[in-house]
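# Need a 3D model of the sequence below.
(4 chains)
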Number of protein chains: 2
Amino acid sequence: MKNEIEKKSITSEGCKAKLRAIHDTLDILNGKWKISIITSLSFGKRRFMELQREVEGIGAKMLSKELRELEINGLVTRKVCDTKPITVEYELSAYGETLHGITNEMINWGLKHREKIKEELHRQEHVVMS
Amino acid sequence: MKNEIEKKSITSEGCKAKLRAIHDTLDILNGKWKISIITSLSFGKRRFMELQREVEGIGAKMLSKELRELEINGLVTRKVCDTKPITVEYELSAYGETLHGITNEMINWGLKHREKIKEELHRQEHVVMS
DNA sequence: GGAAGTACTTTCCTCTAGGAAACTATCTCA
DNA sequence: TGAGATAGTTTCCTAGAGGAAAGTACTTCC
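This next block holds a predicted model:
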């Protein structure tokens, strides 16, 4: 009995710590666009307009705001280049790269999910046919 | 030149597909609470009140709504048990389990992030001291 | 008989995340 | 000289995400 209580308490502590970790992560990756921006940057450095084109649907205000927050948290670096028309390069910092694990898992899951939905639709069609 | 264009186009397609995958995943995991709920359920089946206690800060309305959406998307199963005071058990479905990769990565990142922040605070203190 | 615990639902309200569009400022090219 | 691209900022607005609290319905315990 005592062992069970202890066990329960220990695992419960584990849960709480892990839920807190999830919460910490979500705090950094909040907002509608951060993960997409990070994913886009994971393919290489991008300029403002490139990001806006690549992350479909995002407006200049949001992009600017999200980039600033990512920079504050040390995930992205901002570099102003004194080219003829001034350009700005955004890049994942070394710390930002540590998010690869998360984005990769999300990409893979999303790809498989799309396959699954597609299969379900096919099955539906067959049912309707028969 | 032609090769470069082709290369760029190919990688660009890859980016778009991956960004779409990210978008698909985020569509399923939207809202403030879904990932926390899934993480909580990843430790075992939970009843409504247990979830509400474990996922700190969530209200009954939100919990109910998020669980319904997770159920609709086939990630969570709901089982009504005819115990004396009726209880309901929520559990990750087999498909819900496929999110383990994502939640694990987020947990690990969150834990390391907390460590990093802690270290930075220590350094700060030393600077203040000296 | 009433307090307390299950599992929600409903109502009402607030706040802010996020969008649209216009504006700033600088440079280039025709 | 003015159109177009760079990189934003600012303003104005609203849909809807989410919170607090009360209500519903059933059961069991005291």
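# I'd like the next helix or strand past whichever strand or helix holds A:Ser12.
Following DSSP states H and E, one finds A:Ser12 within helix A:2-28. Once the chain leaves helix A:2-28, the next helix or strand it forms, by DSSP H and E, is helix A:34-41.
# Can you give the distance from stretch A:61-73 to the centre of its chain?
Relative to its chain's centre, stretch A:61-73 lies at 14 Å (CA atoms, centre = their mean, to the nearest Å).
# anything in that stretch sitting right up against chain B?
No. Counting by CB under 8 Å from any CB of the partner chain, chain B is not contacted by stretch A:61-73; separation bottoms out at 9.3 Å. C-beta coordinates here come from the backbone N, C-alpha and C atoms, glycine included.
# and that stretch, which residues are buried?
Going by neighbour count (16 or more other CB atoms under 10 Å in any protein chain shown), the buried part of stretch A:61-73 is A:62-63, A:66-67, A:69-70, A:73.
# now stretch A:95-104
A:96, A:98-99, A:101-104.
# List the residues that contact the residue nearest the centre of chain A.
The centroid of chain A falls nearest to A:Ile35 when counting by CA atoms, centre = their mean (2.5 Å). Contacts of A:Ile35 were listed using CB atoms under 8 Å, 6 or more residues apart in numbering or on different chains, and they are A:29, A:102-103, A:106, B:22, B:26.
# Report how many residues lie close to A:Ser93.
A:Ser93: 15 surrounding residues under other CB atoms under 10 Å in any protein chain shown.
# What count of nearby residues applies to A:Met49?
The burial count for A:Met49: 12, using other CB under 10 Å.
# so A:Met37 touches A:Leu67, yeah?
I think there's a mix-up here, since residue A:37 is Ile and not Met. Yes. The criterion here is CB atoms under 8 Å, and A:Ile37 meets it with A:Leu67 at 6.9 Å.
# any residues in contact with both of these two?
In contact with both A:Ile37 and A:Leu67: A:51, A:76, using CB under 8 Å, 6+ apart.
# so the strand or helix carrying A:Val88 versus helix A:34-41, what angle?
Element membership of A:Val88, judged by DSSP H and E, is strand A:87-92. Here strand A:87-92 runs at an angle of 110 degrees relative to helix A:34-41 (axes from the mean of the first three to the mean of the last three CA atoms, to 10 degrees).
# and strand A:87-92, anywhere near DNA strand D?
Yes. Applying CB under 7 Å from any atom of the strand, one finds strand A:87-92 touching DNA strand D at A:87-88.
# quick one: strands adjacent to that strand?
strand A:46-47 (antiparallel), strand A:76-81 (antiparallel) (DSSP bridges).
# Now find how far off-centre it is within its chain.
The answer for strand A:87-92 is 18 Å, by CA atoms, centre = their mean.
# list the buried ones in that strand?
Result for strand A:87-92 [16+ other CB under 10 Å]: buried residues A:90, A:92.
# Any idea how many residues pack against A:Asp24?
19.
# residue contacts, it?
Taking CB under 8 Å, 6+ apart, we find A:Asp24 in contact with B:110, B:113-114.
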